[in-house]
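Enquirer: Need coordinates for the following:
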Amino acid sequence: MKITPTAIPEVLLITPARHGDERGWFSETFRQSALEEAGFTGRQFVQDNHVRSTRKGILRGLHFQKAPHAQDKLLRCVRGAIMDVAVDIRVGSPTYGRWVGAELSADNAQQLLVPKGFAHAYCTLTEECEVLYKVTDYYAPQAEGALRWNDPAVGVDWGLPADQISTNERDASAPLLAELGAAFVYGEAF
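Expert: Residues are numbered from 1 along each chain as shown. Here you go, the predicted model:
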């Protein structure tokens, strides 16, 4: 398993090795000890989620959960391809308001580890996508927060033109970064 920090070092790109023969392949997709060696310590995943999207251009996010229910997320795409994005929303962070993204697909098997303090979203790049992800806290609707997916101050490149992207009303009307407030403060525990 290869673990590489992105341009925002707290967000990690994980590439599991695939071992194959004439029957197919085997891949270890999760190993807690490897994440700990990469600095992801003191946190355990407690819930797995599986999402299916039926069309290209479906955008889900940018979501987060506030303390005391903040979540780290580990995502992978097991069918199709997505543009997976993390936006730093930790007030005072040297990378506040910046985003990193990676194309995750069933073919490349890559995963993205999105830590607490980041808003997260993905956009489907193909028809019929399925995404699996782990989180370190349970879903808590009272702690939900969101950042508008097309905030020009953030400027995410979703890999598709904006007129090909569709989302729900909640995500379309989420606050801009300038309106978000201090959901997370850099250097504080959450």
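Enquirer: C-alpha only now, for contacts and for neighbours.
Expert: Noted.
Enquirer: longest helix of the protein?
Expert: Secondary structure of the chain read by DSSP state H shows that its longest helix is helix 32-37.
Enquirer: what's next to it, contact-wise?
Expert: For helix 32-37, the external contacting residues (Cα atoms under 8 Å, 6 or more residues apart in numbering) are 1, 3, 41.
Enquirer: quick one: contacts for the first one?
Expert: When contacts are counted by Cα under 8 Å, 6+ apart, residue 1 is found next to 14, 15, 16, 17, 28, 34.
Enquirer: Those into JSON lines, with extra columns for distance to residue 134 and neighbour count?
Expert: Formatted as JSON lines, those follow (distance: Cα to Cα, whole Å; neighbours: other Cα atoms under 10 Å):
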{"residue": "14", "distance to residue 134": "14", "neighbour count": "22"}
{"residue": "15", "distance to residue 134": "16", "neighbour count": "19"}
{"residue": "16", "distance to residue 134": "16", "neighbour count": "19"}
{"residue": "17", "distance to residue 134": "19", "neighbour count": "15"}
{"residue": "28", "distance to residue 134": "15", "neighbour count": "11"}
{"residue": "34", "distance to residue 134": "16", "neighbour count": "13"}
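Enquirer: could those residues be laid out in JSON lines, adding pLDDT and distance to residue 158?
Expert: Shown next, in JSON lines, are the contacts of residue 1 (pLDDT from 0 to 100; distance: Cα to Cα, whole Å):
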{"residue": "14", "pLDDT": "95", "distance to residue 158": "20"}
{"residue": "15", "pLDDT": "93", "distance to residue 158": "21"}
{"residue": "16", "pLDDT": "89", "distance to residue 158": "24"}
{"residue": "17", "pLDDT": "87", "distance to residue 158": "27"}
{"residue": "28", "pLDDT": "87", "distance to residue 158": "28"}
{"residue": "34", "pLDDT": "92", "distance to residue 158": "29"}
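Enquirer: OK, contacts around the residue minimising distance to the centre of the chain?
Expert: By Cα atoms, centre = their mean, the chain has its centre lying nearest to residue 120, at 4.5 Å. Applying Cα under 8 Å, 6+ apart to residue 120 gives the contacts 61, 62, 63, 64, 84, 85, 86, 87, 114.
Enquirer: Remind me what the strand or helix carrying the second one packs against, helices and strands.
Expert: Assignment of secondary structure by DSSP states H and E places residue 62 within strand 59-65. In terms of contacts (3 or more Cα pairs under 8 Å, 6 or more residues apart in numbering; DSSP states H and E), strand 59-65 is packed against strand 118-124, strand 144-146, helix 169-172.
Enquirer: so which of these is the most packed in?
Expert: Mean neighbours per residue, mean count of other Cα atoms under 10 Å, is largest over these for strand 118-124, with a mean of 26.
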